[in-house]
Every structure is written in C-alpha cells, then in structure tokens.
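In: Predicted model and sequence below, questions to follow.
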Amino acid sequence: MDMDDIIKIAIGVGIGLFVAYFFLWGETYSHLNNQYNQLQLDYQELNEDYVELQQNYTLLQSECSQVLQKYQNCVGREDFFTWVDRFFALKNLAKLIGLI
C-alpha cells in the first residue's frame, strides 16, 4: 500500500464522516432538546385548554339538562288558555256537526 492509496482512503473516510455527520448528526443535541422542551410546553398548554373545555362542556351539559327538565315540566302543565282552546275547538266541532 503506497502513499496515494492512504491519501485516497483518508479522503474517502473524511467524506464518509462528513456525510454521516450531515445526515445523522446535522442538528446538535441542544437544538433538538430545545425543540423537545418547546413541544412539552405546547402539550401542557393544550392539555390545560382541553381540561378547561371539558369542564365547560360538563357545566353546559348540566345547565342544558336543567333547562330541558324545566321545559318538559312547563310543556306538561296545562293552563287556562289550553282549556279555552279546547272549548272553542269543541264548539266549532259542534257547529260543524250541526251544519251537517
């Protein structure tokens, strides 16, 4: 093995290390760690927002069920005007039968 072969091998190893560094370790660990920490902070913020939205949804669901219960109670109750409408309906039916 002569000096030209050693130089070619050294240049090949240098290019190989450069390519390996570029593709494998192109970004430093601290940069990747900073990105990871930022993602962790974003996740915590999104998780807090999710918990708040879940609490608001639960509160809204309970309020809606209370309103629906009050509405059902109100609809189920008959008042004076309902009886007046029924009376006029029976009166009109009696007129119709009287005309036939």
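Out: Looks like it arrived, so ask away.

In: Can you give me the neighbour number for N73?
Out: The local packing count at N73 equals 9, with neighbours defined by other C-beta atoms under 10 Å. From N, CA and C alone the C-beta is placed, and that goes for glycine too.

In: quick one: low-confidence parts of the chain?
Out: Flagging of the chain using pLDDT under 70 yields the residue ranges 1, 22, 25-28, 75-78, 99-100.

In: give me that answer again for 90
Out: Low-confidence segments of the chain (pLDDT under 90): 1-9, 12-34, 68-100.

In: Tell me the helix or strand right after the lengthiest helix in it.
Out: As assigned by DSSP state H, the longest helix anywhere in the chain is helix 29-76. Later in the chain than helix 29-76, the nearest helix or strand by DSSP states H and E is helix 80-99.

In: so how far is that next one off the chain centroid?
Out: Relative to the centre of its chain, helix 80-99 is centred 54 Å away, using C-alpha atoms, centre = their mean, to the nearest Å.

In: And stretch 63-83, by the same measure?
Out: Using C-alpha atoms, centre = their mean, the distance between the centre of stretch 63-83 and that of its chain works out at 34 Å.

In: Centre-most residue in this structure?
Out: Among the residues of the chain, the smallest C-alpha distance to the mean C-alpha position (C-alpha atoms, centre = their mean) belongs to Y50, namely 7.6 Å.

In: Off-centre distance for the longest helix of the chain?
Out: 8 Å.

In: oh, and call the first residue 299 from now on, that's how I've got it
Out: In the new numbering, first residue 299, that becomes helix 327-374.

In: And it, what does it pack against?
Out: In terms of contact count using 3 or more C-beta pairs under 8 Å, 6 or more residues apart in numbering; DSSP states H and E, helix 327-374 is assigned no packing partners among helices or strands.

In: Next one: W381 from A392, what distance?
Out: 16 Å (C-beta to C-beta, to the nearest Å).

In: And for D377?
Out: Distance, D377 to A392, by C-beta to C-beta: 23 Å.

In: what's the answer for V317, then?
Out: Applying C-beta to C-beta to V317 and A392 gives a distance of 101 Å.

In: what's the helix or strand for V311?
Out: Taking DSSP H and E as the definition, one finds V311 inside helix 301-322.
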